[in-house]
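Asks: Sharing a model prediction with you, sequence too.
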Amino acid sequence: MSRRPVIAVQSISGKCRVCGCTELNPCLFDMGPGQPLETCIWFDFDHTLCTSLRCVAAVPLEELVDMAILRRVA
């Protein structure tokens, strides 16, 4: 399996690092025929990646696995 090049992007909490959406200006995406448009929510705890499939697909799998959706308290 070949690795995709990782593009260094500064992550800003509250702004999606891929599409740039925010809570006040979320993505709208189609969930299928006859379904209403849905708005994205945050994929990660730090609010740097939204749940739009296009955005999640742009992040390497290894990085998605390492993201803490629910953080453990040490």
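Replies: Yep, it's here. Numbering: from 1, shown residues only.

Asks: switch to C-alpha atoms for all contacts and neighbour counts from now on
Replies: OK.

Asks: Can you show me the strands along the protein?
Replies: Applying DSSP state E to the chain gives strands spanning 28-29, 38-39.

Asks: Ok, which of those strands comes nearest Leu61?
Replies: strand 28-29 (21.4 Å; CA to CA).

Asks: Who are the packing partners of that closest one?
Replies: strand 38-39 (3 or more CA pairs under 8 Å, 6 or more residues apart in numbering; DSSP states H and E).

Asks: ok now the strand it packs on, how far from the chain's centre?
Replies: In terms of CA atoms, centre = their mean, to the nearest Å, the centre of strand 38-39 is found 13 Å from the chain centre.

Asks: Partner strands of that strand, with direction?
Replies: Looking at strand 38-39 with DSSP bridges, its partner strands are strand 28-29 (antiparallel).

Asks: And the contacts of the strand it pairs with?
Replies: For strand 28-29, contacts defined as CA atoms under 8 Å, 6 or more residues apart in numbering pick out Leu37, Glu38, Thr39, Cys40, Ser52.

Asks: how about JSON lines for the strands of the chain, with mean neighbour count and mean pLDDT added?
Replies: Conversion of these to JSON lines gives the following (neighbours: other CA atoms under 10 Å; pLDDT from 0 to 100):
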{"stretch": "strand 28-29", "mean neighbour count": "14", "mean pLDDT": "84"}
{"stretch": "strand 38-39", "mean neighbour count": "14", "mean pLDDT": "90"}
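
Asks: Of all those strands, which one comes closest to Asp46?
Replies: strand 38-39 (18.3 Å).

Asks: per-residue confidence averaged over stretch 43-51?
Replies: For stretch 43-51, mean pLDDT rounds to 91.
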